[in-house]
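how does the following fold in three dimensions:
(one chain, ligands or ions: 2)
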Amino acid sequence: MGEISAIDRLRGELLHLRSLDRDEARTMPPDFYTSQAFQDLEKEELFRKEWICIGHAGEIPEPGDFYTTELVGEQLLVARDHDGVVRVLSNVCRHRGNLVAQGSGNRRSFVCGYHAWTYDLDGTLKTAPLMKSVKAFDPAKCTLPQMNCEIWSNFIFVNLDGQAAPLAPQLGRLDAILHNYHDEQRNLLFSEEALWNTNWKNLTENFMEGYHLFATHPTTLQPMTPTHLCRKVAGDDRWTAYRSYYAPDFPPRGPFHPDMTEDEQRNTVLFNIFPSFVVAVAANYTLYLCLRPAGADRVAIRWGVAGFKTDAQDAEVVNYVALCKAFNEEDRAKLETLQQAQNTRYFPHGPLGPEDLEGTIWDFLQYMAGRLGQPAPLPAG
Ligand code: FES
Ligand SMILES: [Fe+2]
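Ligands and ions are numbered 1, 2, ... in the order given. So this is what the prediction gives:
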């Protein structure tokens with residue numbers, strides 16, 4: 001009698017989740033977070049097909065600014081050209097396929113270090129030494145491929161397969177919720193890259209649930225945004241969100257944008273644009289994490305903080321970034337033990353908490369089910 005593969009079983013389980021009512025909401029089995037085969041499926045079906053946030057436009061404010069990154073193995077070059085247009089280019093040289101650029105910085109053009117082919121900021125090939133006599137060489141065919149790219153609220157999204165519908169029109173309801181916070185007017189004040197030993201979905205779910213605040217962040221977040229004041233926001237098949245209200249005795253988190261209502265001044269909107277972009281827009285600062293899978297048990301995190309201030313060395317900014325680092329470390333510790341525990345065969349799945357606390361996880365799993373759920377084949381034999 002043949003066995004159903006782990007991947008088919010997980011896809012069948014996802015499909016089953018779609019048939020459950022909210023009051024039956026439960027987690028996925030632990031190998032959803034440990035299976036390399038399932039991650040390979042996610043890479044093909046989600047990370048190549050969806051809009052994935054890979055950074056903040058404030059990382060490359062000036063013409064010629066660039067950074068390099070990677071998404072599901074694709075090497076990417078994110079660059080602002082002479083006219084200020086941001087592009088996401090393939091960072092693979094059209095000669096013999098080496099990396100064109102590395103790290104980040106400012107350039108007038110990109111020179112591949114292997115044989116010095118030189119590309120303009122928009123990816124067109126400018127010069128290729130000693131190639132004139134080569135019949136098969138056509139510079140016009142050597143432009144770096146340009147990925148489908150969209151900037152939404154200062155965040156740079158890429159869609160690798162080029163087939164996704166434009167992103168912004170899908171986020172209208174989220175825009176309305178965020179409008180008065182004016183995230184688009186906030187300046188990037190801090191950003192860095194990190195690697196945690198946990199599956200990208202563990203971190204996505206963790207960022208989006210307020211249940212763990214009292215237990216995991218008793219001295220950092222709980223005094224400011226206590227678990228019992230979390231309130232779910234109705235999302236849709238593109239995103240989910242909740243508001244975490246500030247404790248009544250917590251001092252105001254101004255200065256406030258004049259558009260903000262009293263209610264908005266007292267809560268942070270946390271949202272997940274599926275699959276892997278999670279953001280907390282507080283009254284005064286924005287904290288964001290762009291997540292990329294880096295193995296079934298590792299996640300690459302490009303994260304940062306934006307705000308209305310302009311000086312990254314301002315003491316208040318420095319303190320806020322330090323607070324973010326402190327609660328991130330608290331999360332990391334919990335998510336790395338979670339990853340170890342998920343290798344078990346003795347935990348089928350567990351019940352999810354109340355709507356205001358873990359309803360966002362249910363929304364995320366429903367999204368995953370919509371993309372990857374399918375009937376499990378009958379075992380052969
Ligand atoms: S591989 Fe880039 S110039 Fe040869
Ligand atoms: Fe947390």
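
now do the contacts for the closest residue to Thr127 other than its chain neighbours.
Spatial nearest neighbour of Thr127, chain neighbours left out: Thr118 (4.6 Å); criterion: C-beta to C-beta, 6 or more residues apart in numbering. Any C-beta I mention is one placed from the backbone N, CA and C, and that applies to glycine too. For Thr118, the contacting residues are 109-112, 125-128, by C-beta atoms under 8 Å, 6 or more residues apart in numbering.

do the same with Val299
With C-beta under 8 Å, 6+ apart, Val299 has these contacts: 195-196, 198-200, 202-203, 291-293.

what about the helix or strand where Val317 lies, average pLDDT?
In this assignment (DSSP states H and E), Val317 forms part of helix 315-341. Helix 315-341 carries an average pLDDT of 98.

then stretch 186-196?
98.

roughly how far out does that stretch sit from the chain middle?
12 Å (C-alpha atoms, centre = their mean, to the nearest Å).

now stretch 329-338
Chain-centre distance of stretch 329-338: 18 Å, with C-alpha atoms, centre = their mean.

what does that stretch contact?
With contacts defined as C-beta under 8 Å, 6+ apart, stretch 329-338 is touched by 33, 196-198, 202-203, 206-207, 212, 216-217, 220.

going through the residues you listed, which ones are buried?
Buried members of the contacts of stretch 329-338, scored by 16 or more other C-beta atoms under 10 Å, are 33, 196, 198, 202-203, 206-207, 212, 216-217, 220.

Serialize the contacts of Thr118 to a markdown table and add fields for secondary structure.
Converted to a markdown table, those look like this (DSSP: H, G, I helix; E, B strand; the rest coil):
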| residue | secondary structure |
| --- | --- |
| Ser109 | coil |
| Phe110 | strand |
| Val111 | strand |
| Cys112 | coil |
| Leu125 | strand |
| Lys126 | strand |
| Thr127 | strand |
| Ala128 | coil |
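
same for ligand 1: which of those are within range?
Cys112 (C-beta under 6 Å from any ligand atom).

which among the contacts of Thr118 count as buried?
Neighbour counting with 16+ other C-beta under 10 Å marks 110-112, 125, 128 as buried within the contacts of Thr118.

out of these, which one sits closest to ligand 1?
Ligand 1 has its nearest neighbour among the buried ones among the contacts of Thr118 in Cys112, at 3.2 Å by C-beta to the nearest ligand atom.

surely Val317 meets Ala306?
No. Assessed by C-beta atoms under 8 Å, Val317 is found out of contact with Ala306, at 10.1 Å.

can you check which residues contact both of the two?
By C-beta under 8 Å, 6+ apart, Val317 and Ala306 have these common neighbours: Leu189.

now do whichever strand or helix holds Val279: which elements does it pack against?
Assessed by DSSP H and E, Val279 sits inside strand 277-281. Applying 3 or more C-beta pairs under 8 Å, 6 or more residues apart in numbering; DSSP states H and E, we find strand 277-281 packed against helix 200-207, strand 267-273, strand 285-293.

the residue nearest to Thr127 pairs with what?
Val111, Thr127 (DSSP bridges).

for it, report the pLDDT, please.
On the pLDDT scale, Thr118 gets 98.

measure it to Thr143 for me?
Distance, Thr118 to Thr143, by C-beta to C-beta, to the nearest Å: 13 Å.

now do the shared contacts for these two.
Leu125.

using the three-state scheme, assign Leu10.
Using three-state DSSP, the structure places Leu10 in helix.

got a pLDDT number for it?
Note on Leu10: pLDDT of 97.

do Ala376 as well
pLDDT, read off for Ala376, is 81.

what about the nearest residue to it once chain neighbours are set aside, neighbour count?
Spatial nearest neighbour of Ala376, chain neighbours left out: Gly12 (2.9 Å); criterion: C-beta to C-beta, 6+ apart. Look at Gly12: counted by other C-beta atoms under 10 Å, it has 15 neighbours.

how about Gly12, what does it touch?
When contacts are counted by C-beta under 8 Å, 6+ apart, Gly12 is found next to 4, 373-376.

repeat that for 10 Å
Shown in contact with Gly12 (C-beta atoms under 10 Å, 6 or more residues apart in numbering): 4, 373-377.

same check, this time on Arg11
Arg11 neighbours (C-beta under 10 Å, 6+ apart): 4-5, 38, 41, 368-369, 372-377.

helix or strand: which one has His82?
Counting by DSSP H and E, His82 is part of no helix or strand.
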